[in-house]
Every structure is written in structure tokens, then in C-alpha cells.
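>>> Build me a model from this:
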Amino acid sequence: MSVLHIPAIAPPAQTLAPRLILAMAAATGFSVASIYYSQPMLGVMGPSLSAAPAAIGLVPTLTQLGYALGILLLAPLGDRFDRRRLILVKAALLAMALGGAALAGSLPTLLLASLLVGLTATVAQDVVPAAASLAPEANRGAVVGKVMTGLLLGILLSRVASGLVAEWLGWRTMFGLAALSVGLMAVALGRELPRFAPSTTLRYPALLASLVALWRGQPALRRAVFAQGLLAVGFSAFWSTLALMLHSRYQLGSAVAGAFGIAGAAGALAAPLAGRWADRLGSHAVARIAILVALCGFAMLLLDPWLPRVTVVPLLAVSAMVFDFGFQSALVSHQTLVYGLMPEARSRLNALLFTGVFLGMAAGGALGSLALAEWGWMGVATLATAAAALSLFVRRPRPLPTS
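Purely as a prediction, here's the structure:
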């Protein structure tokens, strides 16, 4: 279908074409994976560019910083402009930034490319509100759940893929393949996505200022952000310290740590069920159940000292499956809830929700490293369990007229 013949968005249809849902899920996965590819490759990127470990460590830092800035400064534009055009432009820029990283001949060039990768990888935060707008209200949660599965799979499997590709073909090849995948993703979305009518005429400064008003005026949004952000603390604490723990306690390498990403992905694959449950039972109830599931998954880690050594690694895999299922299910439920608050402000509401999620992940990474250094793996397990318990407290049932 040519661009000239793509219609403006119509009222949500009864069903969405499976190929469109698949294209949107792949888009979120490939775009968000772009901010994690560098992490397993730092050991080979540093010597290649004659960069010290502390200096090459700025690559993922600037990528994450760019992503956080992109969520706050670029994601709200989805309410002001045609989301289709915004998605395609950002995807093209992301492919160019990844190509720039592949060709970088010096550390400063790579750092600049990394910042741009982070900024433009927020195309994932444009696709999810687009999916919510296209889906009929009766099964919006199910559609959002399927698209979000792509995002979480991108997070969990990106490190596995980049570690393997970098080991066999080099880190530049990995960035080149990433650029190619994003380019193909843009072509697929360009063929499938309709145009979207802007939902506001606010100018950019007023659009950003409206984030404050949305935050103040929506108690249900604040509860969703705090609850999901606390879950993200535990999620990030586990994944940011797992490889270090496996190496120090069991002398297991990065390949084994990457295999745990596959275990977590297995849990994430079941999360679209949460979207369907949210459509039937309500987002509040499903969010509470999902947080309880995540809490149980984290609490399983506390059994470590009382179990035979041979059972600890399988326990970690089962725990990862359980809490990843809970985390993803809670996220889908919170998104379904938030998108229903103000349909005309979905991009801005999504930006606020994911700002909380990534702040939680940043805090979880820092606190998890501190807990591991001071109190060992049980410190990490306690931190993750406590964060999930606080999330459940935030999400506890209580009468709120605006919820």
C-alpha cells in the first residue's frame, strides 16, 4: 500500500489484523533492544577503540540517558502529530544512529551515536499508544499485552543476541544487523499502519507543561506509576547483578547468565493473558494479582540458603519465569488502566508511566549492586522482595472515586 493511499485513522475496528499486531510487537522489541545491545559487548568494544573500562562504560550510560530524555521530551509528541509519521521518522533516525555506532572510529563518535540511539529508540513508546488507539475497547488489554510482549522480549533477549554475535562476528556487525532490523521494521510499519489524527493542538512547551497537570489530576495514574516503578526496582536489581553472582559463586560465564534471559522470556510470553484478563476482570484487580505473582517469584529467591547447592540454579530460572510473568502482566494491566483515563492524552500518559518504570530500573540497578556488595545475593533477594511488597501496598484496594 503506498503512503498516498493510507487513510486517516478510523474508529477502532472489531478486530486488528494479526500481521499489524505482529508488526507492532516486532517494532517495540527491535527498538527497545537497541538500548541494551552494547552491554555484553563492552569487553570487546573497549580494546577495539583503545578505551579504558571506565570510559567505555559511558556507552550504556549515555544510551539509557538518551532513552529517558526521549521518553520525557519526544514521546508526548504522539498526541500532537500523526503517530504514523512520527514512528517512521524516529525509526529511520534510529537505524541511522545504529549505523553510526557500527562505523564509529573513535570513542567520542560512539558516545554520540549511543546518545542518539537512546533518544530515537523511544519509537517503542509511540507504537504502544498507537496499538491502544487502534484496538477496540473490548479487547484493548489483549492487544496491548501482545505488543508489550515484544517489548519485554526485546529487553530480555537483546543481551543474549548481542553477546553471541559480538563473540563470533564482532561488535560492529551487531550494530549493523541492528540497523538493518530497524530498517525492515520501518518498512513493515509503513505498509501496515494507518494515519493517526492528532488529539491536541497544544504547542510543544504547553504539551510538556500538560504532563504536570496530568500527574496532579490523575490519582490512578500516580498509583500505577509508583506500583510499576517499585516492581521495576526488583526486576532491575535481579537482572543487573545476576551475572556477577553466577560468576563469583559458581564460576559460570556470561553465556549461562544470558540463558536466564530465555527463562525470563518464557514467563513474558504468557503475559498476553493478562491483557485478556484485564478486559474481563478489570485492570485494578489484575494488577494486584500480577504484583502478588511477582512478589512470590522474588520471595522464592530467599529460599537459597536452605536449599541444596545443586537446586539453586534451577530455582533462579523458575523465579525469573514467575516474576517476569508478574512484572509484564502488571505492566500491561497498568497500561490498560492508564490508557482508559484520557484517550486524547495516551502518549503523554504513557510517557509518565514509563518514566516511572525506567527510574525504577535505574534505582534497582544501583541499589542491587550496593546490596550485592554489602550483603551478598540475599541482600538482592531481600531488596527485590521488599520492593514488590511495597508495590502491592500501593496497589491495595481502597475507594477512590477517580480510579
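
>>> burial of residue 321, as a residue count?
21 (other Cβ atoms under 10 Å). Every residue, glycine included, has its C-beta placed from N, CA and C.

>>> right, and it touches residue 266 too?
Yes: using Cβ atoms under 8 Å, residue 321 is in contact with residue 266, at 5.4 Å.

>>> which residues does residue 304 contact?
The contact partners of residue 304, by Cβ atoms under 8 Å, 6 or more residues apart in numbering, come to 312, 315, 377-378, 381.

>>> Pull up the gap between it and residue 235, please.
In this view, residue 304 and residue 235 are 18 Å apart by Cβ to Cβ, to the nearest Å.

>>> and if you look at residue 336?
Going from residue 336 to residue 235 by Cβ to Cβ gives 19 Å.

>>> Ok, residue 398 next?
Distance of residue 398 to residue 235, given as Cβ to Cβ: 25 Å.

>>> neighbour count winner among those two?
Neighbours were counted for residue 398 and for residue 235 using other Cβ under 10 Å; residue 235 has more, 33 against 7.

>>> Mind telling me what element the more buried one is part of?
Secondary structure from DSSP states H and E places residue 235 in helix 219-250.

>>> Name the residues of that helix that are buried.
The neighbour-count check on helix 219-250 (16 or more other Cβ atoms under 10 Å) flags 220-246 as buried.

>>> what residues go with each domain of the protein?
As assigned by automatic domain parsing, the chain contains the domains 14-198, 199-397.

>>> Make JSON lines from those domains and add mean pLDDT to it.
JSON lines is the format used below for the domains of the chain (pLDDT from 0 to 100):
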{"stretch": "domain 14-198", "mean pLDDT": "89"}
{"stretch": "domain 199-397", "mean pLDDT": "87"}
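
>>> For the stretch 251-400 of the chain, which segments count as helices?
254-269, 272-281, 283-300, 309-339, 346-394 (DSSP state H, counting those that start in this stretch).

>>> So for residue 106, which of these sits nearest?
Comparison of those against residue 106 by Cβ to Cβ identifies helix 254-269 as nearest, at 26.3 Å.

>>> Select only the buried ones of the contacts of residue 304 in ChimeraX?
For the buried members of these, the matching ChimeraX selection, counting by 16+ other Cβ under 10 Å, is:
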select :312,377,381
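
>>> Check the contacts of residue 304 and tell me the two furthest apart.
The span of the contacts of residue 304, defined through Cβ to Cβ, is set by 315 and 378 at 13.2 Å.

>>> now for the host helix or strand of residue 205, which elements pack on it?
Element membership for residue 205 (DSSP H and E) is helix 204-217. When contacts are defined as 3 or more Cβ pairs under 8 Å, 6 or more residues apart in numbering; DSSP states H and E, helix 204-217 packs onto helix 58-73, helix 219-250, helix 346-394.

>>> what's the neighbour count on residue 19?
For residue 19, the neighbour count with other Cβ under 10 Å is 11.

>>> Quick check, it in contact with residue 192.
Yes: between residue 19 and residue 192 there is a contact at 6.4 Å, judged by Cβ under 8 Å.

>>> Show me which residues of the helix holding residue 205 are buried.
By 16+ other Cβ under 10 Å, the buried positions in helix 204-217 come out as 207-208, 210-211, 214-215.

>>> For residue 366, state which of those is nearest.
Closest approach between those and residue 366, by Cβ to Cβ: residue 215, at 23.9 Å.

>>> Against residue 234, how distant is the closest residue to the closest one other than its chain neighbours?
Nearest residue to residue 215 in three dimensions, chain neighbours excluded: residue 352, at 6.1 Å (Cβ to Cβ, 6 or more residues apart in numbering). The spacing between residue 352 and residue 234, counted by Cβ to Cβ, is 21 Å.

>>> Then residue 346?
Distance from residue 346 to residue 234, by Cβ to Cβ: 27 Å.

>>> same check, this time on residue 300
According to Cβ to Cβ, residue 300 stands 12 Å off from residue 234.

>>> Can I get the helices of the stretch 251-400 of the chain in CSV including distance to residue 25?
CSV is the format used below for those (distance: least, Cβ to Cβ, whole Å):
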stretch, distance to residue 25
helix 254-269, 11
helix 272-281, 10
helix 283-300, 19
helix 309-339, 12
helix 346-394, 16
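
>>> who wins for proximity to residue 167 among those helices?
Between residue 167 and the helices of the stretch 251-400 of the chain, the tightest spacing by Cβ to Cβ is seen for helix 254-269, at 8.9 Å.

>>> Now do the contacts for residue 69.
By Cβ under 8 Å, 6+ apart, residue 69 lies in contact with 118-119.

>>> hmm, back to that, alpha carbons only: can I get the helix holding residue 205 in CSV?
The C-alpha trace of helix 204-217 is given here as CSV (Å, rounded to 0.1, in the frame of the first residue of the first chain):
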residue,chain,number,x,y,z
TYR,A,204,5.4,21.9,22.4
PRO,A,205,6.0,23.9,25.6
ALA,A,206,2.4,23.6,26.6
LEU,A,207,2.4,19.9,25.7
LEU,A,208,5.3,19.3,28.1
ALA,A,209,3.7,21.5,30.7
SER,A,210,0.5,19.5,30.5
LEU,A,211,2.5,16.5,31.9
VAL,A,212,2.4,18.2,35.3
ALA,A,213,-1.3,18.8,35.1
LEU,A,214,-1.9,15.1,34.1
TRP,A,215,0.2,14.0,37.0
ARG,A,216,-1.6,16.2,39.5
GLY,A,217,-5.0,15.5,38.2
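
>>> Pull the contacting residues for residue 316.
Contacts for residue 316 (Cβ under 8 Å, 6+ apart) come out as 242, 260, 301.

>>> how many other residues sit next to residue 106?
Residue 106 has 11 neighbouring residues, counting by other Cβ under 10 Å.

>>> does it really touch residue 49, like I thought?
Yes: using Cβ under 8 Å, residue 106 is in contact with residue 49, at 6.5 Å.

>>> Phi first, then psi, for residue 52.
phi -70, psi 160 (degrees, to the nearest 10).

>>> how near is it to residue 42?
11 Å.

>>> When the two are compared, which one has more neighbours?
residue 42 (17 against 9).

>>> Can you tell me how far the more buried one is from residue 176?
Per Cβ to Cβ, residue 42 is found 18 Å from residue 176.

>>> wait, what's in contact with residue 211?
Contacts of residue 211 (Cβ under 8 Å, 6+ apart): 72, 76, 348, 351-352.

>>> Thanks again, I'm all set now.
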